[in-house]
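Asker: structure here, sequence nowhere to be found:
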């Protein structure tokens with residue numbers, strides 16, 4: 001793009017079929033440059049987060065099933081925004097040049113003298129069928145595939161579709177947006193020679209967590225779709241390759257597929273757990289109920305750091321304790337060597353893994369990953385006269401400090417990080433709660449559930465949590481849940497996120513078997 005162009009510039013970007021991870025690297029990069037983003041009904045709105053802060057977002061899709069703007073209006077708006085000197089990203093579901101009317105938009109840009117660039121995307125026929133476990137071609141089954149519009153209506157004076165050519169061959173045929181006309185499509189293919197028993201698959205919201213697949217034959221698919229109230233947006237796949245789905249199915253048979261899960265961890269820690277849930281098939285709604293920050297007063301921690309060589313033990317009970325302690329250590333131009341002969345206790349494998357990033361191997365990891373587990377393991381030692389450093393959160397329980405003190409230890413417990421309650425929760429997560437779309441809420445500390453109740457208000461909290469299954473990381477968090485009026489449905493024996501996810505799998509699997 002030339003820097004001295006008077007007109008703006010337009011990127012026509014294929015957003016892919018729905019999974020935001022399927023946008024191309026180039027498409028993602030173009031979005032980060034946009035001053036204006038015009039997006040469609042089928043473009044995943046998560047991609048809008050790639051646009052720069054302050055970019056103008058214009059919805060050009062459907063409202064209530066009807067097009068929000070006519071194509072001519074979209075063309076005019078593209079031209080208008082570009083002529084004002086803006087960099088415009090036109091984000092379209094799938095690929096812009098496959099039933100996306102991208103060519104018409106480019107013609108308008110050419111006529112107006114506006115430079116543009118085409119960024120291809122993964123079209124629905126390729127993406128949705130892959131996620132449904134249906135290869136479009138397969139050796140020994142078919143070597144050809146056709147993409148066809150499903151919008152043509154029966155009774156049209158002359159059809160642009162070569163029904164005979166599509167029907168007589170053995171190739172795969174994919175109809176775009178043909179659910180409404182499914183009876184006409186099926187009848188036309190059978191009338192022109194395709195066998196009634198030919199397998200057919202309907203794929204709705206392909207590649208998304210809410211993907212639905214309905215399988216039948218040309219003879220019965222229309223009836224099955226009507227009975228299932230199967231609606232758009234969907235593609236129709238006709239051909240013997242549909243039979244491969246049961247063998248190659250991989251996406252919608254994952255253990256948490258179709259489950260919507262509320263993740264209440266802090267924003268800086270939710271990513272790994274969210275990714276794990278999504279890999280298991282769940283739709284994860286990030287709902288941070290904790291903001292972790294450095295404390296307003298570092299004096300106690302600084303004093304402890306200055307006297308590190310006097311401590312026999314240092315106890316870390318969380319990832320955050322490790323993170324903020326070593327960040328402060330760095331502020332003093334010190335590194336792990338400052339710990340000297342101080343022995344280290346880590347409460348749980350995640351905390352131990354956080355320490356390992358600093359080259360420290362924990363000397364002790366209690367089998368019970370909570371404060372009581374720490375006390376149990378230290379009770380087997382002579383702690384009289386031992387100096388213990390316990391960098392903690394500002395809301396930490398006093399169990400470790402008090403019990404080690406009773407054993408005769410000198411415990412210094414400076415605040416290393418502070419917990420704050422956000423003013424609200426993300427609009428997407430709130431809407432999912434209000435609409436009853438959340439199957440399960442995960443709580444990984446007492447603060448996560450206490451803060452959610454505080455943000456929503458106790459009465460509203462209990463109302464919105466009706467029917468939501470509760471997954472708690474451990475007994476302390478579970479007690480807090482119950483104290484707030486919730487029933488706890490899942491609690492792993494081991495207090496880790498991996499164990500929590502495994503417990504969720506078992507719970508929902510057992511529910512399906514009942």
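Answerer: Looks like it arrived, so ask away. This is a predicted model, so every value here is computed, not measured.
Asker: who are the neighbours in contact with the closest residue to residue 163 other than its chain neighbours?
Answerer: Spatial nearest neighbour of residue 163, chain neighbours left out: residue 192 (4.4 Å); criterion: CB to CB, 6 or more residues apart in numbering. C-beta: built from backbone N, CA, C; applies to glycine. Neighbouring residues of residue 192 by CB atoms under 8 Å, 6 or more residues apart in numbering: 163, 164, 166, 167, 168.
Asker: that's a strand at the third one, yeah?
Answerer: So that's residue 166. No - read with DSSP: H, G, I helix; E, B strand; the rest coil, residue 166 is helix and lies in no strand.
Asker: list the contacts for it?
Answerer: So residue 166 contacts 146, 148, 173, 189, 192, 194 (CB under 8 Å, 6+ apart).
Asker: again with the last one
Answerer: With contact taken as CB under 8 Å, 6+ apart, residue 168 is in contact with 192, 193, 194.
Asker: may I see these arranged in a markdown table, with pLDDT and distance to residue 347 as well?
Answerer: Output for the contacts of residue 168, formatted as a markdown table (pLDDT from 0 to 100; distance: CB to CB, whole Å):
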| residue | pLDDT | distance to residue 347 |
| --- | --- | --- |
| 192 | 95 | 69 |
| 193 | 94 | 70 |
| 194 | 96 | 64 |
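Asker: between those, which is closest to residue 272?
Answerer: residue 194 (48.4 Å; CB to CB).
Asker: OK, contacts around the spatially closest residue to the closest one that is not a sequence neighbour?
Answerer: Leaving out its chain neighbours, the residue that sits closest to residue 194 by CB to CB, 6+ apart is residue 167, at 4.1 Å. Contact analysis of residue 167 by CB under 8 Å, 6+ apart lists 188, 189, 190, 191, 192, 193, 194.
Asker: just the contacts of residue 192: which has the poorest pLDDT?
Answerer: Lowest pLDDT of the contacts of residue 192: residue 168, 87.
Asker: hang on, residue 346 packs against residue 356?
Answerer: No - between residue 346 and residue 356 no contact is recorded; they are 9.2 Å apart, counting by CB atoms under 8 Å.
Asker: so for the two, which residue has more residues nearby?
Answerer: When residue 346 and residue 356 are compared on other CB atoms under 10 Å, the one with more neighbours turns out to be residue 346, at 28 against 14.
Asker: enumerate the beta-bridge partners assigned to that one.
Answerer: residue 316 (DSSP bridges).
Asker: quickly note the distance from it to residue 442.
Answerer: 23 Å (CB to CB, to the nearest Å).
Asker: buried ones in stretch 113-125, by neighbour count?
Answerer: Neighbour counts over stretch 113-125 (16 or more other CB atoms under 10 Å) mark 114, 116, 118, 119, 120, 121, 122, 123, 124, 125 as buried.
Asker: before we move on, back to that, tell me which of the contacts of residue 167 is nearest to residue 139?
Answerer: When the contacts of residue 167 are compared against residue 139 (criterion: CB to CB), the nearest one is residue 194, at 21.5 Å.
Asker: so the closest one is in which element?
Answerer: Using DSSP states H and E, residue 194 maps to neither a helix nor a strand.
Asker: residues contacting it?
Answerer: So residue 194 contacts 166, 167, 168, 218, 238 (CB under 8 Å, 6+ apart).
Asker: quick one: the second one and residue 140, what's the gap?
Answerer: When CB to CB is the yardstick, residue 167 and residue 140 sit 21 Å from each other.
Asker: cool, and the last one?
Answerer: For residue 238, the distance to residue 140 (CB to CB) stands at 18 Å.
Asker: kindly report the same for the first one.
Answerer: Residue 166 sits at a distance of 21 Å from residue 140 (criterion: CB to CB).
Asker: before we move on, the earlier item: tell me which two of the contacts of residue 194 sit farthest apart.
Answerer: Pairwise distances across these (CB to CB) peak at 13.6 Å, for the pair 168 and 218.
Asker: please enumerate the strands of the stretch 151-300 of the chain.
Answerer: Along the stretch 151-300 of the chain, counting by DSSP state E, counting those that start in this stretch, strands occupy 172-176, 199-204, 212-217, 234-238, 260-263, 283-286, 291-293.
Asker: what comes into contact with the third one?
Answerer: This points to strand 212-217. The contact list for strand 212-217 (CB under 8 Å, 6+ apart) reads 132, 196-205, 221, 223-225, 228, 230, 234, 242, 245, 252.
Asker: rerun at 7 Å
Answerer: With contact meaning CB atoms under 7 Å, 6 or more residues apart in numbering, strand 212-217 is reached by 132, 196-205, 224-225, 228, 230, 242, 245, 252.
Asker: got the angle between that strand and strand 199-204?
Answerer: Strand 212-217 and strand 199-204 meet at an angle of 160 degrees, taking axes from the mean of the first three to the mean of the last three CA atoms, to 10 degrees as the criterion.
Asker: next: the fourth one.
Answerer: Computed with the same axes, to 10 degrees, the direction of strand 234-238 lies at 170 degrees from that of strand 199-204.
Asker: so, low pLDDT: which residues of the stretch 401-514 of the chain?
Answerer: Scanning the stretch 401-514 of the chain for pLDDT under 70 picks out 512-514.
Asker: show me where it has helices.
Answerer: For the stretch 401-514 of the chain, the helices defined by DSSP state H, counting those that start in this stretch occupy 427-434, 446-456, 458-464, 475-483, 497-513.
Asker: deepest in the core, which of those is it.
Answerer: Highest mean neighbour count of these: helix 446-456, a mean of 22 (counted as mean count of other CB atoms under 10 Å).
Asker: which residues does the spatially most central residue of the chain contact?
Answerer: Among the residues of the chain, residue 284 comes closest to the average C-alpha position under CA atoms, centre = their mean, at 5.0 Å. Taking CB under 7 Å, 6+ apart, we find residue 284 in contact with 261, 263, 274, 277, 278.
Asker: quick check, nearest of those to residue 39?
Answerer: residue 278 (22.1 Å).
Asker: distance of that closest one from residue 184?
Answerer: 38 Å.
Asker: kindly report the same for residue 101.
Answerer: 22 Å.
Asker: lowest average confidence across helices and strands of the protein, where is it?
Answerer: strand 62-63 (a mean of 56; mean pLDDT, DSSP states H and E).
Asker: packing partners for the host helix or strand of residue 118?
Answerer: Taking DSSP H and E as the criterion, residue 118 maps to strand 116-119. In terms of contacts (3 or more CB pairs under 7 Å, 6 or more residues apart in numbering; DSSP states H and E), strand 116-119 is packed against strand 9-14, helix 25-31.
Asker: what sits against the nearest residue to residue 180 once chain neighbours are set aside?
Answerer: Residue nearest to residue 180 in three dimensions, not counting chain neighbours: residue 232, with 6.9 Å by CB to CB, 6+ apart. Shown in contact with residue 232 (CB under 7 Å, 6+ apart): 177, 179, 180.
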